[in-house]
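>>> Could you work out the structure for the sequence below:
(one chain, ligands or ions: 2)
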Amino acid sequence: MSSTETQPIAPRAITPVSMTRYDADFQGFSDALGASFARFGFAVVADHGLDEARIAAALDDAKAFFALPEEVKRQYHQPGTGGARGLTPFGVEAAKGAATVDLKEFWHVGRELPQDHPYRQFMRDNVWPNETPGFKAHVYGMYEDLDALGRKILRAIARYLGLDDGYFDDKVEMGNSVLRLLHYPPVPADAPGVRAGAHEDINVITLLLGAEEAGLQLKEKDGSWLDIAPPPGALVINIGDMLQRLTNHVLPSTTHRVVNPAPERRGFARYSTPFFLHFNPDFPIETLASAVTPDNPDRYAGKTITAEAYLTERLREIRLL
Ligand SMILES: O=C(O)CCC(=O)C(=O)O
Ligand SMILES: [Fe+2]
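Ligands and ions are numbered 1, 2, ... in the order given. All right, here's what the predicted structure looks like:
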């Protein structure tokens, strides 16, 4: 018998972690969440407690907007601004180094800042569609809910990393976070390219709703692709490059993609809503001392970079700037 046959086989599916455990057993929740991130770069969180009615309303507004004629939607595209706000039309974004564009269009909502806030130099004003009246209230409500939930999740990540539970609080409270409403239209059999080419997320963590429609896959360390099939309504959370960098890769930012549908689902659109949680723009991303060990020397020694500078660098690579 070869030695590999006696090794326990690592699980090939992500076990959901229930948010009900957060209050009942914070340490247990943090351990389970952290272990999933360390293994996959992803976790699935069930019972997240988000306002379901508001999410449903925001999704209906998004669908109504994407159903508008192309020339109406195009009014909300702001070329040359990195797609930071409003619409990025079909056929613009491509994964880093990809030959074809992604088969998607999306709408970005950012943080609403007070009039004289110093971070205004880093964050544009939101734009809102005139054609869908409830859009702003529902979608910004969803933004605030995900922002708050993201901060809670970061408290569990801080615990897992051996930091103070509140370590991330003042580093993300005014973060340049973005809610992306994604529309992947039906895919013709001969479509060039895929819904979303293989990529890593740039930000700290991503909170994703809507991944029940098949297609999302993560890349395992051996190069194989693993389907991410969350139970209905569950949240998929993944680590982005900024947190990978801060933790010296203790928490990996895992490559993922959205593949085209099987023939029987080609005629269906896919809607998903990742919330890209970012650091405050002036936060310096410098390796955590606790993440540097003899086995894992600092990969970024002398390379501290602000969140804003890092973001700009990365947006150029994906052709959004
Ligand atoms: O649509 C999805 O399920 C994932 C989208 C994604 O990975 C992204 O927009 O960064
Ligand atoms: Fe992504």
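>>> Am I right that Arg39 sits in a strand?
No: counting by DSSP: H, G, I helix; E, B strand; the rest coil, Arg39 is not found in a strand; it is helix.
>>> With ligand 1 as the reference, measure out to it.
Distance, Arg39 to ligand 1, by C-beta to the nearest ligand atom, to the nearest Å: 19 Å. Glycine gets a C-beta too; all of them are placed from N, C-alpha and C.
>>> And for Asp227?
Asp227 is 11 Å from ligand 1, by C-beta to the nearest ligand atom.
>>> which ones are touching the closest residue to that residue other than its chain neighbours?
Leaving aside its sequence neighbours, Asp227 sits nearest to Gln217 (C-beta to C-beta, 6 or more residues apart in numbering; 5.6 Å). Counting by C-beta atoms under 8 Å, 6 or more residues apart in numbering, Gln217 makes contact with 225-228, 256-259.
>>> Show me the two of these that sit farthest apart.
The largest separation in the contacts of Gln217, counting by C-beta to C-beta, is between Leu226 and Val258 at 13.5 Å.
>>> rewinding a little: looking at the contacts of Gln217, which is nearest Asn248?
Using C-beta to C-beta, the contacts of Gln217 come closest to Asn248 at His256, 21.2 Å.
>>> ok, and the closest non-adjacent residue to the closest one?
Going by C-beta to C-beta, 6+ apart, His256 has Leu218 as its nearest residue, at 4.7 Å.
>>> Just the local confidence number for that neighbour, please.
The confidence metric pLDDT takes the value 98 at Leu218.
>>> ditto for Ala229
At Ala229, the model reports a pLDDT of 92.
>>> surely it meets Glu213?
No: with contacts counted by C-beta atoms under 8 Å, Ala229 stays clear of Glu213, the gap being 10.2 Å.
>>> Going along the chain, name the helices of this protein.
For the chain, the helices defined by DSSP state H cover 3-6, 20-24, 26-40, 52-66, 70-74, 135-160, 169-172, 241-246, 307-317.
>>> For ligand 1, what's the nearest residue on the stretch 1-150 of the chain?
In the stretch 1-150 of the chain, the residue found nearest to ligand 1 is Phe106; the distance is 7.3 Å by C-beta to the nearest ligand atom.
>>> Verify the stated contact: Asp241 with Thr206.
No: counting by C-beta under 8 Å, Asp241 sits too far from Thr206 to count as a contact (10.7 Å).
>>> of the two, who's got more company?
Thr206 (24 against 18; other C-beta atoms under 10 Å).
>>> now the more buried one: how far from ligand 1?
Distance, Thr206 to ligand 1, using C-beta to the nearest ligand atom: 7 Å.
>>> Neighbour count for Leu226 and Val258, which is higher?
Ranked by neighbour count (other C-beta under 10 Å), Leu226 and Val258 place Val258 first, with 25 against 17.
>>> re earlier: contacts only, for the residue nearest to His256.
With contacts taken as C-beta under 8 Å, 6+ apart, Leu218 has the following neighbours: 40-42, 225-226, 228, 238, 254-256.
>>> how about 6 Å then?
Applying C-beta atoms under 6 Å, 6 or more residues apart in numbering to Leu218 gives the contacts 42, 226, 228, 254, 256.
>>> isn't Phe106 right next to Thr88, touching?
Yes: here Phe106 reaches Thr88: they are 5.4 Å apart, a contact under C-beta atoms under 6 Å.
>>> need the helices of the chain in TSV with distance to Gly267 and mean pLDDT, can you?
Output for these, formatted as TSV (distance: least, C-beta to C-beta, whole Å; pLDDT from 0 to 100):
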stretch	distance to Gly267	mean pLDDT
helix 3-6	43	48
helix 20-24	37	97
helix 26-40	31	98
helix 52-66	16	97
helix 70-74	20	96
helix 135-160	26	98
helix 169-172	40	98
helix 241-246	35	98
helix 307-317	33	91
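>>> Return the most buried member of these.
Looking across these with neighbours counted as mean count of other C-beta atoms under 10 Å, the highest average goes to helix 241-246: a mean of 23.
>>> Could you pull up the contacting residues of the residue nearest to Ala64 when sequence neighbours are not counted?
Among residues not flanking Ala64 along the chain, Thr132 sits closest, at 4.9 Å (C-beta to C-beta, 6+ apart). By C-beta under 6 Å, 6+ apart, the contact set of Thr132 is 61, 64-65.
>>> Confirm for me that Met242 is in contact with Val204.
Yes: when contacts are counted by C-beta under 6 Å, Met242 is listed as touching Val204 (4.9 Å).
>>> Leaving out sequence neighbours, find the closest residue to the closest residue to ligand 1 within the chain.
Closest contact between the chain and ligand 1, by C-beta to the nearest ligand atom, is at Ser272 (3.5 Å). In this structure, Ser272 finds its nearest non-sequential neighbour in Gly210, 3.4 Å apart by C-beta to C-beta, 6+ apart.
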